[in-house]
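Asks: build the 3D model from these lines:
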Amino acid sequence: MDSINDVKKKLVNLMTNQIDDNKFDLLDPVHDPDYMLNSPTVVGYTTTAEQQFIFQNLLIGFVSSNNTILDIGCGRADLYGFLKQNNKSIMSYQGLDHNPIMSDLAKEKYNINIQTGAFETIELETADWVVASGFFTPRRCESEDEDLKKLFNDIEKMYTIANKCISFNLLSPIGNKIIDGFFYIHPGLVMDMLIEKYKYITVRNNYSNDVYTVTIYKYNKNK
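Replies: Predicted coordinates:
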């Protein structure tokens, strides 16, 4: 019987066409000029395969040919690259990142238009799907209570500008070493609080020991 790690490797290979062998996973930030443009490490992932697993979780149920997508904290817009790589015909992709360096890299890498600005203050058009990958990883406030309040304020803004669905990932404190500067929140707490407010919630703790994905659907928006 295959071990859990063997199963994960097989899933990765099936989903990413052997992307574990991607040469960009081996780039050195000191010696390789293409590091910032191509290495997945710059956007917070250990390997390309890990990044693709997380993107897959974020987009479960997404029908790209009929939906627009807004990518909050898009970085190099690798989510756009994931959709294109998987032959998804995107009706409209819009990216937002607060870091102009990352916005410029996204434009260079994919030849797309990216907005630069703070999610909390910038005016954004509505989109069918609003997603955020890694956006909630760093702590942004002085206390856990303030971080939690800010998280739910940001979720509400995402929900308001979404037509059909929002999805994002969070760090889990369960069985993990807590690192200063990172924001951890128990998935059970998140589910309880979000179900009470939004009703249609899915929490997927199905790949990483550290990261889980939350999806909120707006089935009843027009009722």
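
Asks: other SSEs contacting the single longest strand found in the chain?
Replies: Determined from DSSP state E, the single longest strand within the chain is strand 162-171. Counting contacts by 3 or more CB pairs under 8 Å, 6 or more residues apart in numbering; DSSP states H and E, strand 162-171 is packed against helix 48-58, strand 68-72, strand 127-132, helix 144-161, strand 211-217. C-beta: built from backbone N, CA, C; applies to glycine.

Asks: so for it, what gets flagged as buried?
Replies: Neighbour-count burial for strand 162-171, counted by 16 or more other CB atoms under 10 Å, picks out 162, 164-171.

Asks: quick check: the farthest pair among those?
Replies: Lys164 and Leu171 (25.8 Å; CB to CB).

Asks: isn't Gly175 right up against Asn205?
Replies: No - counting by CB atoms under 8 Å, Gly175 does not reach Asn205; the two are 11.2 Å apart.

Asks: next one, pLDDT for Asn66 please.
Replies: pLDDT recorded at Asn66 is 78.

Asks: how about the contacts made by the closest residue in space to it that isn't next to it in sequence?
Replies: Spatial nearest neighbour of Asn66, chain neighbours left out: Met91 (6.6 Å); criterion: CB to CB, 6 or more residues apart in numbering. By CB atoms under 8 Å, 6 or more residues apart in numbering, the contact set of Met91 is 64-68.

Asks: in CSV: the residues you listed, plus distance to Lys149 and neighbour count.
Replies: Shown next, in CSV, are the contacts of Met91 (distance: CB to CB, whole Å; neighbours: other CB atoms under 10 Å):
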residue, distance to Lys149, neighbour count
Ser64, 34, 20
Ser65, 38, 8
Asn66, 35, 10
Asn67, 30, 19
Thr68, 29, 18
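
Asks: need the max-distance pair from those residues.
Replies: Within those, Ser65 and Thr68 form the most distant pair, 10.9 Å apart (CB to CB).

Asks: so where is the protein shaky, pLDDT-wise?
Replies: Flagging of the chain using pLDDT under 70 yields the residue ranges 1-36, 38-46, 87-89, 220-223.

Asks: closest to the centroid, which residue in it?
Replies: In the chain, the centroid-proximal residue (CA atoms, centre = their mean) is Ser133; its distance is 1.7 Å.

Asks: please list all residues in contact with that residue.
Replies: Ser133 sits next to 54-55, 58, 71, 73, 79, 168-169 when contact means CB under 8 Å, 6+ apart.

Asks: fine, thanks again, bye for now.
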